[in-house]
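**Student:** I would like to see how this sequence folds:
(2 chains)
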Amino acid sequence: MSDITSKYIIPILFSFFLSGCSFNFSEDYYNDISPLEVNTAFSLDPFEEGETLTASKKVNYSFNGNGQHQLYSAQVFVDNSLVYGSSSENGSFDIDVDDLSSGEHTLKIEYQYSSGTGSLADINGAERQYGSIEYKFNVDKSGPPQIELTKVEVVEGTIQIYWNPIQKNNFEEASLKVFNKEDSRLLRELTLTSEIIDGLHFNDTLSTELSIDFSLTLKNRYAETNSNVLGINLEPPTLRGEIINSSQYKIIWSEHPLYGNFDYYEYNVRPNNTFVSLSNRGGEYIVDDVPVFGQQEYHSLALKRENGFESLHYVGDIVHFGIEFGAKNGVNYVYSALRNTIFTVVLEGSSSYNSPRNVVLYELDPMDLSILRTKTFFTIYDSFANLVIDPTTGNLVLDLSETSYSINIDNLDIIGNWTASDFTSDTYGIMTSYRNGFLVVEKYTGEVSIYNATNANLLYQSIVDYSFFISDDGNAFINNGILYKWNGTAFESILTIPKNGNVAVHTAMFIPNSNLCVYSNVYGNPVIFNHETMSESIVGNVTGIYYLNYDSITQKLCMFQQKPDDYIVDIAYLVDLNGNLEKNLNVFENNWGLKYYYLNGQLVGSNGLYLNTYF
Amino acid sequence: MKLFASLLITIICITNIVQAQNGSIFIEVNYQTYSHNALKEFQQELADDITQVQMRTNDNFPGNFGLRAGYRFESINSTIFAGFSSTGGKISYSDYSGTIRLTQPLNGYTLGAMHHFFLDSQRNFSLAVKLLTTYSTLKVDSYSELDNEIYEDEIKLHAFDYGIGTELIYEYPIGKLKIRGAMGYDFVLGGKLYLNDNNDYYLLNNSGKPVKTNWSGLRIGAGIVIPI
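**Tutor:** Residues are numbered from 1 along each chain as shown, chains lettered A, B, ... in the order given. Have a look, this model is predicted:
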């Protein structure tokens, strides 16, 4: 081989092959991508074209790329001012109306999203699609409209309130104000939702007051308006007592008009202050406590809710167990068998010394003591008056201090009068009574004179040791412990009632149209004495009687005893004419002239109360 | 290129040295298969790491033609040789908007010696056993193009590999030259691929194991022999 071959050819060949043997790489992989149809949605919630904003609003947005497109950016413009930007596909932004004037505005959202082709440019965010949506909206900065209440009614024990629809729902707060009707004091304020306002109706289940007004207030950041005022004025539930016997009474209450707004009543049961739950729909509850007729005690029912800590109010009433009547403060109440009515006379006027007082005669229904007739006779300046039925004529006899009048019971005309000055010159401090042909003049200083009313002859005159008692027909009287009876020409003593030391007869009365006289003996026991047969029956179970009267209808005696150690409670006893004690009852004594009369089977108090149960 | 120039100078020098010896020079083009499993796995990991697009594997360190040249000392029945091997890996993705490409050209520069056991009296057919060492170079070239912006990066690594092999060689005389055919198998232990810029670091896969070359494989070649 030549030197050229060995030195150069082989290395050159080697080098040539060396370069030719270098590895050649294949072509790049090419992905032929087809154009992709854009499928996106951009939505706002809650927001609608043309919407009216009365307050700032948070608007939620949502971009839906259907799994192919990715949101790169969303920018929110209000009137071309950028207010929000984000790359999140879901989010929210605020439209702040504080910065906007009233009127029309533009909300525009510009957003960019991936093409979704999956190309390298798409993957790297360099291949973007653009979208834009635009809304018109209005800003309303006016105050809320005034709402009009149309009706407030109570249905099934709860309060239903209605109002007319409002034109604009541009309020942010709504409340129902509840006022006390009497003094307009705000009792409560209930927040109402816009749904309730739209519903035009609200059920107030909280209010239990019976006289209340309602007003609806709508408020937004610009103003507040108040509706007209409508209310309810409900009759309060009644609460009264009814005597069952001398040691029990019933509490009777009516349904509460708003029974649906609370669950039950709580009642404090006397005398041990125990509490019981009572139905708010009305009912009766028997109390084992001694009733006192005429004593005014406040009984109350506390309104309660189950598991409720709110302190509700009470409903209640004065319980006296009686029924009120109008002709109270009568000086005497008498029953007329002729008219089957009750009469009384009332001195109407100031009770001050020497004040003028009208002498007013009332005729009352014997059942409910409602006033049937009334007649004013005189004006007097003292306080003495008395009224009796003349047993012989059936007419009325009205006794005043100086004159006694006979009044026709049918037409109430004065048909006769007898004045003390026609019989005696000493007329200072006297009481004058005409009794069936006799005129009785009794001095406050303790002297009594009986005249023949026809000829003014003095028939009897004596001091009065304690009290003077004369029958309505004038034929008998008791004075100084002696019973006198008219024998046709003079009053003769027929019975001397024993005294206990210096204690004389405390009380006595004559039963009209009979020969019976009732008085208390030295032991305080009432004695029913027949002065015709001179026989007596003693009511042994009763003692200490200080006052008594007689009911000609039931033919029962009603006797009153001051309850020991209790200055405001007396005990009334009902006794038949045989002296049998039938019933007893505690009655209220006010130590101010309060008297009770047993008439037509009812206990009538001069305080304007009568009792038609039990007694 | 620097390495290529060095090899060329080295061969020229060897040619000059052996001019006075009794022997022959051969040059051979051969087809080689490789076992770069670690590099294949590493490339797959790279492809898997890019999840946004479907990267395709274009080349996965396949077999390739190589070159070998050497000088046989007839007196001692031995040959020294130098060789060149080249393969590579490539993953890529492209569409109308851009390209992502990751190429990993791998070259091996081998020096070795073999001893012949002649199987005929004319000394044309021999069985050779050999020792070899390979210097491997790997480049990891990344390329991306998007929206007319190009990004390129290149990481260079190298490794030293050692192997043994055997082959059957037949030389057929034609005039003063001989036609040479050879077939054998090389078993090469790959080395760690160190960064050229910092020899303290070498390539690891996602499991934390070193990524190594593996040039082991069949060698089938043909060439010419020039007696000297």
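**Student:** quick one: the strands in the stretch 251-400 of chain A?
**Tutor:** Counting by DSSP state E, counting those that start in this stretch, the segments of the stretch 251-400 of chain A that form strands are A:264-269, A:274-278, A:283-287, A:292-293, A:297-304, A:314-319, A:323-324, A:330-336, A:341-349, A:357-364, A:371-380, A:386-389, A:396-399.
**Student:** so is the longest strand along chain B next to chain A?
**Tutor:** Longest strand in chain B by number of residues (criterion: DSSP state E): strand B:149-174. No: Strand B:149-174 lies out of reach of chain A by Cβ under 8 Å from any Cβ of the partner chain, never closer than 9.3 Å. (Each C-beta comes from the backbone N, C-alpha and C, glycine too.)
**Student:** partner strands of that strand, parallel or antiparallel?
**Tutor:** According to DSSP bridges, strand B:149-174 forms sheet pairs with strand B:125-146 (antiparallel), strand B:177-189 (antiparallel), strand B:194-195 (antiparallel).
**Student:** thought B:Ile114 was touching B:Lys130?
**Tutor:** No Ile there; residue B:114 is Met. Yes: counting by Cβ atoms under 8 Å, B:Met114 touches B:Lys130, with 3.5 Å between them.
**Student:** what residue ranges in chain B score low on pLDDT?
**Tutor:** B:1-21 (pLDDT under 70).
**Student:** rewinding a little: so can I have a markdown table of the strands of the stretch 251-400 of chain A showing mean neighbour count?
**Tutor:** Output for the strands of the stretch 251-400 of chain A, formatted as a markdown table (neighbours: other Cβ atoms under 10 Å in any protein chain shown):
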| stretch | mean neighbour count |
| --- | --- |
| strand A:264-269 | 18 |
| strand A:274-278 | 13 |
| strand A:283-287 | 14 |
| strand A:292-293 | 26 |
| strand A:297-304 | 18 |
| strand A:314-319 | 17 |
| strand A:323-324 | 14 |
| strand A:330-336 | 21 |
| strand A:341-349 | 22 |
| strand A:357-364 | 20 |
| strand A:371-380 | 14 |
| strand A:386-389 | 20 |
| strand A:396-399 | 24 |
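**Student:** out of those, which comes closest to chain B?
**Tutor:** Across the strands of the stretch 251-400 of chain A, chain B has its closest neighbour in strand A:297-304 (70.9 Å, Cβ to the nearest Cβ).
**Student:** how far does the closest one sit from the chain's center?
**Tutor:** How far strand A:297-304 lies from its chain's middle: 10 Å, per Cα atoms, centre = their mean, to the nearest Å.
**Student:** run through the bridge partners of residue 186.
**Tutor:** This is for chain A. Here A:Leu186, judged by DSSP bridges, has bridge partners A:Phe179.
**Student:** let's do chain B instead
**Tutor:** Following DSSP bridges, B:Asp186 is listed with bridge partners B:Gly165, B:Gly217.
**Student:** hang on, it packs against B:Arg219?
**Tutor:** Yes: counting by Cβ under 8 Å, B:Arg219 is a contact partner of B:Asp186 at 5.9 Å.
**Student:** who has more neighbours out of these two?
**Tutor:** With neighbours defined as other Cβ atoms under 10 Å in any protein chain shown, B:Asp186 and B:Arg219 compare such that B:Asp186 has more, 25 against 22.
**Student:** residue contacts, the more buried one?
**Tutor:** Contacts for B:Asp186 (Cβ atoms under 8 Å, 6 or more residues apart in numbering or on different chains) come out as B:130, B:132, B:163-165, B:215-217, B:219.
**Student:** that one and chain A, how far apart?
**Tutor:** Per Cβ to the nearest Cβ, to the nearest Å, B:Asp186 is found 16 Å from chain A.
**Student:** one more: B:Asn198?
**Tutor:** 26 Å.
**Student:** which residues are in contact with that residue?
**Tutor:** So B:Asn198 contacts nothing (Cβ under 8 Å, 6+ apart).
**Student:** quick one on the thing from earlier: dump the strands of the stretch 251-400 of chain A into JSON lines; add distance to chain B and mean pLDDT as well.
**Tutor:** Listed next are the strands of the stretch 251-400 of chain A as JSON lines, based on distance: least, Cβ to the nearest Cβ, whole Å; pLDDT from 0 to 100:
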{"stretch": "strand A:264-269", "distance to chain B": "72", "mean pLDDT": "94"}
{"stretch": "strand A:274-278", "distance to chain B": "75", "mean pLDDT": "94"}
{"stretch": "strand A:283-287", "distance to chain B": "82", "mean pLDDT": "97"}
{"stretch": "strand A:292-293", "distance to chain B": "99", "mean pLDDT": "96"}
{"stretch": "strand A:297-304", "distance to chain B": "71", "mean pLDDT": "93"}
{"stretch": "strand A:314-319", "distance to chain B": "79", "mean pLDDT": "91"}
{"stretch": "strand A:323-324", "distance to chain B": "98", "mean pLDDT": "94"}
{"stretch": "strand A:330-336", "distance to chain B": "111", "mean pLDDT": "95"}
{"stretch": "strand A:341-349", "distance to chain B": "110", "mean pLDDT": "96"}
{"stretch": "strand A:357-364", "distance to chain B": "109", "mean pLDDT": "97"}
{"stretch": "strand A:371-380", "distance to chain B": "107", "mean pLDDT": "96"}
{"stretch": "strand A:386-389", "distance to chain B": "119", "mean pLDDT": "96"}
{"stretch": "strand A:396-399", "distance to chain B": "122", "mean pLDDT": "97"}
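**Student:** in TSV, list those strands along with distance to A:Asn591.
**Tutor:** Converted to TSV, the strands of the stretch 251-400 of chain A look like this (distance: least, Cβ to Cβ, whole Å):
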stretch	distance to A:Asn591
strand A:264-269	28
strand A:274-278	32
strand A:283-287	26
strand A:292-293	14
strand A:297-304	18
strand A:314-319	19
strand A:323-324	21
strand A:330-336	17
strand A:341-349	19
strand A:357-364	21
strand A:371-380	24
strand A:386-389	21
strand A:396-399	24
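**Student:** and the residue nearest the centre of chain B?
**Tutor:** Taking Cα atoms, centre = their mean, the centroid of chain B lies closest to B:Ser85, which sits 2.2 Å from it.
**Student:** mind listing what that residue touches?
**Tutor:** A:21, B:32, B:34, B:64, B:66, B:107-108, B:110, B:134, B:215.
**Student:** so where's the stretch 1-150 of chain A uncertain?
**Tutor:** Using pLDDT under 70, the stretch 1-150 of chain A drops low at A:1-20.
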